[in-house]
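**Q** task: produce atomic coordinates for the following.
(4 chains)
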2 protein chains.
Amino acid sequence: MLPPTLLAMTIDVVPFAICAERLAVLLARHSAGWRLPGGSIGADEDLDAAARRHLVEQTELGEVYLEQLYTFGQPDRDPGQRTVAVAYYALVPAGRPPVDALPIADRVRWASVDALPALTLDHGEIVALAHRRLAAKLAYSTIALQLMPERFTLSELQAVHETILGEPLDKRNFRKRILALDCIEVTGDMARRGGHRPARLYRAKRPGQVDFIK
Amino acid sequence: MLPPTLLAMTIDVVPFAICAERLAVLLARHSAGWRLPGGSIGADEDLDAAARRHLVEQTELGEVYLEQLYTFGQPDRDPGQRTVAVAYYALVPAGRPPVDALPIADRVRWASVDALPALTLDHGEIVALAHRRLAAKLAYSTIALQLMPERFTLSELQAVHETILGEPLDKRNFRKRILALDCIEVTGDMARRGGHRPARLYRAKRPGQVDFIK
DNA sequence: TTATGTTAGTGTCAATTTAACACTATTACA
DNA sequence: TGTAATAGTGTTAAATTGACACTAACATAA
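**A** Numbers count the residues shown, from 1 in each chain, chains lettered A, B, ... in the order given. Predicted coordinates:
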């Protein structure tokens, strides 16, 4: 058997969050345009660790849900050097210190997935695949909780689902389903926002953990 | 941004087939033990193409369903050189020329997934993950057809499902479900094997294509 | 203080889907 | 001609899903 080939490898991360009722991706400035956060893999570094490191270094987003998505290796995906990219996606809870407030604010930017600027290489396809995967997982896991702040209302959780799926959901059926999953619990406090009836605040029963359904 | 790291990369393929009513993996001989088929990636070769090439070269299995599984990159997964492995799994239809008859017969061997010999590196975990993925896909795709010969009976298809899932299925419910999927059609011919009523032979309506359900 | 606007919260019923279940049909072979 | 073995077939109850509309609670403004 031949020795393994040495290939240029990178990590690319699709950091998702809900911004202004839209599914948004955090992009990093790149020469004239935009790219996904990411970069090289340390000689002795785990792939997951590299993804997390780049996220922290470039976006200051630590402690987020991270999952390997797919490995992109078409020889011509990078017109310069042939590069294999291991793609991840991350879910950033709402309510984290907004990027605008950070010193890196001029290097990154949240962009809605349905109004992305042109991205370098195949990063647009990577975002599209990540979006499909995320949408599919809503049906059989509690993954959406990873996009929520520590305490949230059921209406907010429903809005997140609707935003990702791109379609409205029935309020009563949604609540029935979520509560039956036994993945969230009431905090006892209420959210008083706006001139209307306050909503119960819930929290995840097992924060950070994604449960599979059925 | 730092330049991408050069890393040793390999492809590993889990070639699944049903052998003697068991889910089996085709292993390649490796020094004293066994490993998954696979190897290096050509400098200008697509990852999928590399997986297919290694499969053909080492096992003479061409024209099989192939799907990327996961990329394994723990720094210590190979005690020698640090190596990143892009894992694939392949589904080999029953009824292909049996490996035993090939000139490579002394270099490879089918082993049942529930009686695997010790495999090199983390190849055991790769097989386990591939098995879980395959089992999960039975629920929402027509992927099992990729393990069937060109013509097959419903009982044979059910046996394949049962073998992968490791649990018995109800005959009438199974047949109802499969036929409702509209993914197979009768050939008109009958399978006459053994001293009992012959079974209708079916074929895939869209061979090579995996449809998703619901 | 009262009316209005806005979102929160709740239950039923029909339709569909799922899961359990047993017998007859057809062949080879003894 | 009987026996062994697998093929093939429907019904029913239970569970799940999906559609659907009103009252509750608050802020604000008149």
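**Q** how much space separates the spatially closest residue to A:Glu150 that is not a sequence neighbour from DNA strand D?
**A** Distance criterion C-beta to C-beta, 6 or more residues apart in numbering or on different chains; nearest residue to A:Glu150, sequence neighbours excluded, is A:Arg203 at 6.0 Å. Yep, even glycine has a C-beta here, placed from its N, CA and C like the rest. Note on A:Arg203: its distance to DNA strand D, by C-beta to the nearest atom of the strand, to the nearest Å, is 20 Å.
**Q** with A:Gly33 instead?
**A** Relative to DNA strand D, and taking C-beta to the nearest atom of the strand, A:Gly33 is found at 41 Å.
**Q** also A:Arg151?
**A** For A:Arg151, the distance to DNA strand D - C-beta to the nearest atom of the strand - is 17 Å.
**Q** with A:Leu7 instead?
**A** From A:Leu7 to DNA strand D the distance is 44 Å (C-beta to the nearest atom of the strand).
**Q** kindly report the same for A:Pro168.
**A** Distance from A:Pro168 to DNA strand D, by C-beta to the nearest atom of the strand: 10 Å.
**Q** my guess is that residue contacts A:Ala159. True?
**A** No. Assessed by C-beta atoms under 8 Å, A:Pro168 is found out of contact with A:Ala159, at 9.9 Å.
**Q** who has more neighbours, these two?
**A** Using other C-beta atoms under 10 Å in any protein chain shown as the criterion, A:Pro168 and A:Ala159 rank with A:Ala159 on top: 16 against 11.
**Q** find the nearest non-adjacent residue to the more buried one, please.
**A** A:Glu21 (6.5 Å).
**Q** have a look at chain A and report its longest helix.
**A** helix A:123-140 (DSSP state H).
**Q** elements contacting whatever helix or strand comes next after that helix?
**A** Where DSSP states H and E defines the elements, the next helix or strand beyond helix A:123-140 is helix A:154-165. Counting contacts by 3 or more C-beta pairs under 8 Å, 6 or more residues apart in numbering or on different chains; DSSP states H and E, helix A:154-165 is packed against strand A:5-19, strand A:22-30, helix A:123-140, helix A:171-181, strand A:199-204.
**Q** so for B:Pro15, which of the ones you listed sits nearest?
**A** Nearest of those to B:Pro15, taken as C-beta to C-beta: strand A:5-19 at 21.4 Å.
**Q** state the mean pLDDT of the closest one.
**A** Throughout strand A:5-19, pLDDT has a mean value of 97.
**Q** part of a strand, is A:Tyr88?
**A** Yes. Counting by DSSP: H, G, I helix; E, B strand; the rest coil, A:Tyr88 is part of a strand.
**Q** give me the phi and psi for the residue lying closest to it once chain neighbours are set aside.
**A** Leaving aside its chain neighbours, A:Tyr88 sits nearest to A:Ala51 (4.3 Å; criterion: C-beta to C-beta, 6+ apart). Main-chain torsions, A:Ala51, degrees, to the nearest 10: phi -60, psi -50.
**Q** A:Glu63 too?
**A** phi 60, psi 50.
**Q** so how far is A:Asp48 from it?
**A** 14 Å (C-beta to C-beta, to the nearest Å).
**Q** just A:His131 next, same as before
**A** Distance from A:His131 to A:Asp48, by C-beta to C-beta: 21 Å.
**Q** between the two, which has more neighbouring residues?
**A** Set A:His131 next to A:Asp48 and count neighbours by other C-beta under 10 Å: A:His131 wins out with 19 against 16.
**Q** which residues does the residue nearest to that one when sequence neighbours are not counted contact?
**A** Computed as C-beta to C-beta, 6+ apart, the closest residue to A:His131 that is not its neighbour in sequence is A:Val113, at 5.7 Å. A:Val113 sits next to A:22-25, A:127, A:131 when contact means C-beta atoms under 8 Å, 6 or more residues apart in numbering or on different chains.
**Q** pLDDT and distance to A:Met9 added to these, as TSV?
**A** Below are these laid out as TSV (pLDDT from 0 to 100; distance: C-beta to C-beta, whole Å):
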residue	pLDDT	distance to A:Met9
A:Arg22	96	32
A:Leu23	98	28
A:Ala24	97	27
A:Val25	97	22
A:Val127	98	20
A:His131	98	24
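**Q** could you flag which of those residues are buried?
**A** Among these, the ones that count as buried by 16 or more other C-beta atoms under 10 Å in any protein chain shown are A:23-25, A:127, A:131.
**Q** just these now: which is nearest DNA strand C?
**A** The shortest approach to DNA strand C among those belongs to A:Leu23, at 19.5 Å (C-beta to the nearest atom of the strand).
**Q** relative to A:Gly166, how far out is the closest residue to that closest one other than its chain neighbours?
**A** Leaving aside its chain neighbours, A:Leu23 sits nearest to A:Val113 (4.8 Å; criterion: C-beta to C-beta, 6+ apart). Computed as C-beta to C-beta, the A:Val113 to A:Gly166 distance reads 10 Å.
**Q** same check, this time on A:Phe174
**A** The value you get for A:Phe174 to A:Gly166, if C-beta to C-beta is used, is 15 Å.
**Q** pick out whichever of these two has more residues nearby.
**A** A:Phe174 (17 against 11).
**Q** what about A:Pro75, neighbour count?
**A** A:Pro75: 16 neighbours (other C-beta under 10 Å).
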